[in-house]
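>>> what's the 3D shape of this:
(2 chains)
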Amino acid sequence: MQPGLIPCLRWPHAKMLIRDILRFTTQSVVSNRMRSSLTALSIGIGVTTVVLLTSIGEGVNQYIVEQFTQFGTTVLAVQPGKANTLGISAGVLNSVRPLSLQDAIALKRAPYVQYSVPVVSGIAPVENGGRQRTVNVIAVGPDFNLAFKFELATGSFLAEDELDRPRAVAVLGSTLRQELFSSEAPIGKRIRVGGERYRIVGVMKPKGEMLGIDLDDSVYIPAARGLELFNREGLHEIDVVYQDGAPTAEVIAGVTRIMMARHGGEDFTITSQQQMLDALGSIIGVLTFAVAALGGISLLVGGVGIFTIMTIAVRERTHEIGLLRAIGAPRYRITQLFLGEAMVLAGLGGAGGLLLAITIVVITTWIVPNFPAQIPLLYASLSEITAVTIGVAAGLMPARRAASLVPLEALRAG
Amino acid sequence: MIKLRGICRNFQVGDQIVTALNHVDLEIQHGEYISIMGPSGSGKSTLLNILGLLDRPTEGTYWLNKKDVSQLEERALAEQRQKNIGFIFQFFHLIPRLSARENVELPMLLAGKSANARRERSRDVLKSMGLDDRLNHRPDQLSGGERQRVAIGRAIVMEPAVLLADEPTGNLDSKSGDEVIQVIEQLNQEGISLIVVTHDPEIGKRADRHLTLHDGEVHHDTKKRL
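Predicted coordinates:
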C-alpha cells in the first residue's frame, strides 16, 4: 500500500521520462481548452492582482525615496518639540522653546555641518500690479540654494543680512515668475507678498515638485520675514546639511549638544534623512504586504477552482485511470499525472497573470509616465511560486482519489 | 507458464461476503488459446482480473513464469502487468485526446522508452494491424473495428506473454468482430497466449480449450489430460 509520502517526490524510482510526463499532462490540459483556460484564468487573476498591487506599492516606495533624496541624503531636520513614543509632540504638554534664527546660526558650528537653513513656510497671496496669485511662501536662510543645490536662472539668492531685520527681498520660482511677469524682466521689480512690499533679486531655474509641493510656483523670502508674515514665534524646522561621508551619529550628537546647551533641555527632535526613509519604507512595506495578502485571497479562490476542475476531471476520466493502471502504471504514477496537470494549469494561469500584470503596468506607465508602479521581482516570482504551490495543494486530494481507484472498477465505471 | 492453486476471491458486499472464485486450480501453457465462458456472476471476469494482475486473490497462489505473484506489492504488480500482460476490453478504452499512434505508445511511455523507440515500434505494430494510414487519427475518427485494432496494438506493443481479452467483440458488429478475432488469433499463431472471456458461444468455440465457470468454480475444462 501507499505510505503517506507525497508520491511524486519519489522520482528516482519512476521510469517514465519527465519530459513525457510533462507532455502527457499538457496534452490533457490543452485538450480541454475552454475549461482549462477558465480555470487557469482564476489563478491568473490572483497573480495579476498580487503583482499589480505590489507593483504600485513598490512604485510608491521608489517615488517617495526619490522625492526625499533629490536634495541629498546628508540632511538632518531639527523640529521643535520632543516626539515621544506615542508620536505626540511633548510640546503639547510641556513648555517648548521655539526654534529661533539664532539656533540656526549656532548649528553651523556643529562638527561636519556645512549648511544650517532655517525654514518657515506657508501660503500667501503674491501680487504684481493687477496680477495676483496665491502660492507657497518659503521663508529660508541665505544658504538655502547652496544647501539643496537649487540653481538660479537670473539674479542672486537672498543675501546674508541682518538676522532679525533683513531687507524685504524675494526670489521667484520659475512658474510664479511666468505667471506674474510673462516676458518682462522681473529683477528689481517690486511685488507684494501677503500685503508687504518686496524687491525681486533673483529667479530660480525650474526644479519640479517635492511631495506635491510645486517648488516652482513658490516665492522665497528671508526667514525672519516669514516669521513675521505668518505671525510665528519659531521656525518650522532647521535643515542641517552635513558633509558627504560624515558619520551621521556624530553629526546628530554634535547638533544635539548645541541645541541642549541653548535650550537647557531636549525640547526638539532630530530626524535624519535615513530615519525618515526607513520609517516611510517600513510603513509602505507593511501596506504592500497587506495588499499582497489581499491579492493572495484571490489566488486561494483560484485554488478552489483548480480543486473543482481536477475533481471533475478524475470523475470524467475514471476509465482512463483504470486503463493506465491496467497497462502498467503504478498508483503513484496516477497521482503524479494528475498533480502534474493541476500544476500545469496553475503554472500556466500564473504565467498568464504575470504577463497581464506586466502589460498593464507597461501600458499604464506609457500613458501616465509619472504613474508610480514598479514590478517587484520578489513578489512576482513569489506569486508564481504560490500559484504553482496552490495548484499542487488543490490537486493533491483529487490526484490521490484518482490513484486510489481500483483499476477494474474504474474500467467498469458508468 | 501460468499456474493457479486454490485461488479464492471474496468480496465484501455490505455485511455479506460474496465468493466470486472458489478454489480455482488452473494451468496454462505458453501459446494456448483459451476461452472462458459462463453466465453473469459466474466469476469469469474476476478470474480474468486475477490472471491480469488487476486484482489479488483472497487466498491461493498464482505463479506467473514460475514466480509467485499472488502477494506482490502494488508497484511490483504494475511492473508485471507492464511486462507480461496485454489487455483488450469490450469498450476499447482508448484515450480520446491521443492519436492512434500515441494510444499504442502509451505502455511504452509509461515504461520510459525513448521517443524514437516508441515511434518505430508503434508504426510497426499499427502496420501489422493494417492501420498504416490511421497513425495520426484520433479514436473518434476511427470505426469500431479500427478502434479495437488500435487497442490490440496497445496490448501487444510491449510484447507480453499473455493477451487477455474481455468480451473483445461485445461492442462490435459481426464483421468487425470477425476481423478482430482473426487479428488476435493470428497473434496467437505467432506464439502469444490468448485468453478470451466471452458470452458468445460462437467465439468461445473457436478456442482450443474451453473453460466454463459456474458459481466461482471451474465447471468444465476441455483440456486434454496429459
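
>>> Could you work out the end-to-end span of stretch B:193-212 for me?
From the first residue to the last, stretch B:193-212 extends over 18 Å; the measure is Cα to Cα, to the nearest Å.

>>> is it up against chain A anywhere?
No: Stretch B:193-212 is not in contact with chain A by Cβ under 8 Å from any Cβ of the partner chain; minimum separation 12.3 Å. C-beta here means a position set from N, CA and C on the backbone, and glycine is covered the same way.

>>> What average pLDDT does that stretch get?
Average pLDDT, stretch B:193-212: 91.

>>> do the same with stretch B:131-142
Average pLDDT, stretch B:131-142: 93.

>>> interface residues of chain B facing chain A?
Residues of chain B lying close to chain A by Cβ under 8 Å from any Cβ are B:45, B:49, B:52, B:54-55, B:73-75, B:78-79, B:81-83, B:87, B:89, B:91, B:93, B:95-98, B:106-107, B:109-112, B:114-115, B:154-155, B:158.

>>> you'd agree B:G177 is up against B:E167?
No: contact status for B:G177 versus B:E167: not in contact, 10.3 Å apart, counting by Cβ atoms under 8 Å.

>>> what sits against the residue of the stretch 251-400 of chain A found nearest chain B?
Nearest to chain B, among the residues of the stretch 251-400 of chain A, is A:G328, at 2.6 Å (Cβ to the nearest Cβ). By Cβ atoms under 8 Å, 6 or more residues apart in numbering or on different chains, the residues touching A:G328 are B:78-79, B:81-83, B:107, B:110-111, B:158.

>>> Give me the three-state assignment for it.
coil (DSSP: H, G, I helix; E, B strand; the rest coil).

>>> Any chance of the backbone angles for it?
Here is the backbone geometry of A:G328 (degrees, to the nearest 10): phi 110, psi 10.

>>> quick one, what contacts the nearest residue to it once chain neighbours are set aside?
Excluding the flanking residues, the one nearest A:G328 by Cβ to Cβ, 6 or more residues apart in numbering or on different chains is B:Q82, at 2.6 Å. Shown in contact with B:Q82 (Cβ under 8 Å, 6+ apart): A:327-328, B:107, B:110-111, B:158.

>>> For B:Q82, report the pLDDT, please.
Checking the pLDDT column for B:Q82, the value is 90.

>>> Could you list the low-pLDDT ranges of the chain?
No chain was given, so I picked chain A. Low-confidence segments of chain A, defined by pLDDT under 70, span residues A:1-15, A:83-95, A:211, A:414.

>>> Hmm, no, I was thinking of chain B.
Low-confidence segments of chain B, defined by pLDDT under 70: B:224-226.

>>> longest helix anywhere in it?
Assignment by DSSP state H gives helix B:174-189 as the longest helix of chain B.

>>> helices or strands next to that helix in the packing?
The contact analysis (3 or more Cβ pairs under 8 Å, 6 or more residues apart in numbering or on different chains; DSSP states H and E) places helix B:174-189 against helix B:144-156, strand B:162-166, strand B:193-197, helix B:201-206.

>>> Can you convert these into CSV and add a column each for distance to A:F71 and mean neighbour count?
Shown next, in CSV, are those (distance: least, Cβ to Cβ, whole Å; neighbours: other Cβ atoms under 10 Å in any protein chain shown):
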stretch, distance to A:F71, mean neighbour count
helix B:144-156, 75, 24
strand B:162-166, 84, 24
strand B:193-197, 89, 24
helix B:201-206, 95, 15
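
>>> okay, these in a markdown table with distance to A:I312 next?
As requested, the helices and strands packed on helix B:174-189 are exported to a markdown table (distance: least, Cβ to Cβ, whole Å):
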| stretch | distance to A:I312 |
| --- | --- |
| helix B:144-156 | 25 |
| strand B:162-166 | 27 |
| strand B:193-197 | 32 |
| helix B:201-206 | 38 |
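
>>> host element of whatever residue of chain B ends up closest to chain A?
Per Cβ to the nearest Cβ, the residue of chain B with the smallest distance to chain A is B:Q82, at 2.6 Å. When elements are assigned from DSSP states H and E, B:Q82 belongs to helix B:74-84.

>>> Against which helices or strands is the following helix or strand past that helix packed?
The element immediately downstream of helix B:74-84 (helix or strand, assigned by DSSP H and E) is strand B:85-88. Strand B:85-88 sits against helix B:144-156, strand B:162-166, with contacts defined as 3+ Cβ pairs under 8 Å, 6+ apart.

>>> So which residues make contact with strand B:85-88?
By Cβ under 8 Å, 6+ apart, strand B:85-88 touches A:326-327, B:51-53, B:148, B:151-152, B:154-156, B:158, B:160-166, B:168, B:184, B:192.

>>> 7 Å - rerun?
Defining contact as Cβ atoms under 7 Å, 6 or more residues apart in numbering or on different chains, one finds that strand B:85-88 is touched by A:326-327, B:52-53, B:151-152, B:155-156, B:160, B:162-166, B:168.

>>> With stretch A:147-167 instead?
Taking Cβ under 7 Å, 6+ apart as the rule, stretch A:147-167 contacts A:71, A:101, A:105, A:115, A:117, A:142, A:144-145, A:169, A:171, A:174, A:187, A:201-205, A:207, A:220, A:222, A:224-225, A:239, A:241.

>>> any idea how far it is from the chain center?
35 Å (Cα atoms, centre = their mean, to the nearest Å).

>>> cool, stretch B:117-135 as well?
Centre-to-centre, stretch B:117-135 and its host chain are 20 Å apart (Cα atoms, centre = their mean).

>>> With just CA atoms, put that stretch into CSV.
Provided in CSV are the C-alpha atoms of stretch B:117-135 (Å, rounded to 0.1, in the frame of the first residue of the first chain):
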residue,chain,number,x,y,z
ALA,B,117,11.9,3.5,-30.0
ARG,B,118,8.2,4.3,-29.4
ARG,B,119,7.8,5.9,-32.8
GLU,B,120,9.3,2.9,-34.6
ARG,B,121,7.5,0.3,-32.7
SER,B,122,4.1,1.9,-32.8
ARG,B,123,4.4,2.3,-36.6
ASP,B,124,5.3,-1.4,-37.0
VAL,B,125,2.5,-2.5,-34.7
LEU,B,126,-0.2,-0.4,-36.4
LYS,B,127,1.1,-1.5,-39.7
SER,B,128,0.7,-5.2,-38.7
MET,B,129,-2.9,-4.3,-37.7
GLY,B,130,-3.5,-2.9,-41.2
LEU,B,131,-3.8,0.7,-39.9
ASP,B,132,-0.8,2.3,-41.6
ASP,B,133,-3.0,5.1,-42.8
ARG,B,134,-4.6,5.8,-39.5
LEU,B,135,-1.5,6.6,-37.4
